[in-house]
Structures are given as C-alpha cells and as structure tokens.
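Student: Show me the folded form of this:
(one chain, ligands or ions: 1)
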Amino acid sequence: MDDETRGDLLAKLLTGDPGASPAAVREACERLLLNNDCPRPAPGSEEDDPRAGLFWILTMAWRTHRRLRDPLPTDPARAAALAYTLQTRPLRDDAHGQLFIDAPSLMRRAAAVMAFGTPALAVGDDDALTLALHQAGADDLAAIDIDERVLAYLEEASVGAIETHRIDVTRDPVPEALRGRFATVVTDPFRDLDGGLSFLTWAAACLRPDGHLIWVDHPDWSYEQPEVLETMERLGFELVAMREDVHAYPLSVALIRPDEVADALDLDRGWLRAITELTHAWSSIYVLERRPPDPMTVN
Ligand SMILES: C[S@@+](CC[C@H](N)C(=O)[O-])C[C@H]1O[C@@H](n2cnc3c(N)ncnc32)[C@H](O)[C@@H]1O
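Tutor: Residues are numbered from 1 along each chain as shown. You can find the predicted model right below:
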C-alpha cells in the first residue's frame, strides 16, 4: 500500500474523512483520548494498562498520519538494498527490548551519526546501525550489546570491520579501550529512568571531550524522559539539537495486542486493529554535548 492510501485510510478511521488534515486527525485522536479517559500516563505507570495502551496507539497514529502527509527524504533504492542485506539478521528478542526501525529510518540514523563523524560507537545495536554505516563507507566503528547474536551478525556481515564487545550496561564497567574515544556515540535505550540512564551514562563515558551523544527516544512512550534529561544536564551535558519523529518502528497486531485494549475500553476491535496495522511507532533524535566550563567559576 502506498503512503497516500495509508494516510487516507488512517484519516478515514480517525475522523471519517480520508482527506482530513494532520491537524484534524490529531484533534480527533486527542478527543478520542479525552472521551475514553486516557490522559498521558504518569511516569512508572503499568505497561499493560489499557488506557496507556490507547494513549500510545492513538498518539502514534496521528504522528504516523502527519509523517505520511509530510514524509522525510528517503532514497528508496538504497533503502531497499539495505533492507535486503538485513534479512539475515537475528530475529528480535523481546527479552532484550529489541524492536527494529525500518530501512529508511536506519539510513537517517546513519546520516545523523555521519553529521558528527567517526570514530562512532553504538551502545546497543539490534538495528545494525554500525553495519549501515560500514556499507555507506564509514570506518572506525564499534558496537556493544548484551546480545551475542547481534554482535556475531555485525562481525560476520562486516567481515570483521566492526569492533564488538559483549557488555551489560547495567552491570559492566566501561573498558579502557572504549573510554573517552569516540566522536559520536548513539544509543536507543530502555524507556524507564534507571534503564535510560544506564545506557546514557555508559555511552557518555565513551565520548571524547568534544564528542556528541545521539540519544534516540520519544516523550510519548518514555514517560520519565524529562527526569532522564535533567539528570544528564546535572552530569554536565546539554541538549543542542532535537529532531522529532525521525525513525519508524513498524508495528504488528501481535506485538501491540489492540484487541485487549479494545475489549477493556469497550471499543470496536476491528477499528482499533485497523488503526494499529496502519500505525508506526516513532522515535526522535536528541543530541547532547558536554557543557563548556563556566569561565566565571573560581576553583
Ligand atoms: C535497549 S534496546 C531498545 C529499546 C527500545 N527502544 C525500548 O524503548 O524498549 C536497544 C539495544 O540494546 C541492547 N540491550 C538490551 N539490554 C542491554 C544491556 N543491559 N546492555 C547492553 N545492551 C543491551 C538490545 O539487545 C538492543 O540491541
């Protein structure tokens, strides 16, 4: 299905009018959330709460519609070639919180890394970002992950060009070989405060003093994001750039289970299923750098 048809269908399901504007679709989603008593979930709220489920599906639905009407630049031929390469990667493992972005998104993530340069490190790389960078001609690439399958795949597919380390960021110290070494470190961390900070502080320790930390996240599914950012600011980092809704994670009914949400909130199963099938989850890019020392500080 092409993007235009997908956008028309989403708009029709949400407003009754296939030609509704992104603003009208957003308004309809926000009204539906209000009518079903589904406010933004509080930090730490239960993942399987159906009200949080509806909030998430409808918020990602209007964001998807907006992107379908105002797409980001892509190179379809290169994206198709990348998707072909990635067919042999290991299946996603829920136990490690893995969820893949699509190939056009992966190209955008690689472009963001290249904007800040190599050497570059991926802290967690189920998306095979380092492989996309390698195929685009970048070198001096490294990836760490808890999942040995991911690391073996990156090594094999790059014929040893990507340096890999098996690391659990919640427990393992930063090896000297990685500390303070990278111009760019990129991470798509867990969505809770402790998980998010484990990834980000580990990533930060691998940055050169002038390096850039690319943090992938979204406030509509990472409800503790303001606290994570505050903590990073206290640790001496500042947010220098942000791009909204850059990476798409295709969803499936099996993954999101809209029927359970529909039943709990007395909504039409077919309607919510159709919306879920047309919707992608989105993440945004946040770029952090070390705050320069305050020249007025007297030691
Ligand atoms: C954390 S997952 C993505 C999370 C997802 N964006 C979310 O919000 O749930 C990204 C990568 O981190 C890896 N990973 C998960 N737990 C890890 C850990 N404790 N240490 C290092 N890597 C880990 C996964 O295998 C995956 O490749």
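Student: Check whether stretch 31-48 comes near the ligand.
Tutor: No. Using C-beta under 6 Å from any ligand atom, stretch 31-48 stays clear of the ligand, with a minimum separation of 10.1 Å. Bear in mind the C-beta positions are built from the backbone N, C-alpha and C, glycine included.
Student: Going by neighbour count, which residues in that stretch are buried?
Tutor: The neighbour-count criterion (16 or more other C-beta atoms under 10 Å) identifies 32, 33, 36, 38, 41 as the buried residues of stretch 31-48.
Student: Please export the C-alpha coordinates of that stretch as CSV.
Tutor: Only the C-alpha atoms of stretch 31-48 are listed here, as CSV (Å, rounded to 0.1, in the frame of the first residue of the first chain):
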residue,chain,number,x,y,z
ARG,A,31,-10.8,14.0,21.5
LEU,A,32,-11.0,10.2,21.5
LEU,A,33,-8.4,10.0,24.3
LEU,A,34,-10.4,12.6,26.3
ASN,A,35,-13.7,10.7,25.8
ASN,A,36,-12.1,7.4,26.9
ASP,A,37,-10.5,9.0,29.9
CYS,A,38,-6.9,8.2,28.7
PRO,A,39,-4.6,11.0,29.8
ARG,A,40,-0.8,10.9,29.3
PRO,A,41,0.3,8.0,31.5
ALA,A,42,2.2,9.0,34.7
PRO,A,43,5.9,8.1,34.9
GLY,A,44,6.2,4.5,36.1
SER,A,45,2.6,3.5,35.1
GLU,A,46,1.9,-0.1,34.2
GLU,A,47,2.8,-1.1,30.7
ASP,A,48,-0.3,-3.2,30.2
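Student: Give me the residues contacting it.
Tutor: With contact meaning C-beta atoms under 8 Å, 6 or more residues apart in numbering, stretch 31-48 is reached by 14, 49, 51-52, 54-55, 58-59, 192-193, 220, 223-224, 227, 260, 265, 267.
Student: Figure out how far it is from the centre of its chain.
Tutor: Between the mean C-alpha location of stretch 31-48 and the chain-wide mean there is a distance of 21 Å, by C-alpha atoms, centre = their mean, to the nearest Å.
Student: What mean pLDDT does it get?
Tutor: The pLDDT scores in stretch 31-48 average 90.
Student: One more: stretch 154-162?
Tutor: The predicted model assigns stretch 154-162 a mean pLDDT of 97.
Student: where do the helices sit along the stretch 151-299 of the chain?
Tutor: 193-205, 225-234, 253-256, 258-265, 269-278 (DSSP state H, counting those that start in this stretch).
Student: how much space between the nearest residue to residue 280 once chain neighbours are set aside and residue 104?
Tutor: Take residue 280 and drop its neighbours on the chain: the residue closest to it by C-beta to C-beta, 6 or more residues apart in numbering is residue 248, 4.0 Å away. Going from residue 248 to residue 104 by C-beta to C-beta, to the nearest Å gives 8 Å.
Student: State the distance from residue 250 to the ligand.
Tutor: For residue 250, the distance to the ligand under the criterion C-beta to the nearest ligand atom, to the nearest Å works out to 14 Å.
Student: how deep is the closest residue to the ligand within the stretch 101-250 of the chain tucked in, by neighbour count?
Tutor: Among all residues of the stretch 101-250 of the chain, residue 124 sits closest to the ligand, at 2.4 Å; criterion: C-beta to the nearest ligand atom. Neighbourhood size, residue 124 [other C-beta atoms under 10 Å]: 26.
Student: Quick check: mean pLDDT of stretch 188-200?
Tutor: Over the span of stretch 188-200, the pLDDT mean works out to 94.
Student: Then stretch 81-101?
Tutor: Summarised as a single mean, pLDDT over stretch 81-101 is 93.
Student: Residues contacting it, please?
Tutor: By C-beta under 8 Å, 6+ apart, the list of residues contacting stretch 81-101 from outside reads 102-103, 106-107, 109, 126-128, 131-132, 135, 145-147, 149-150, 153, 157, 190, 247-250, 255, 281, 283.
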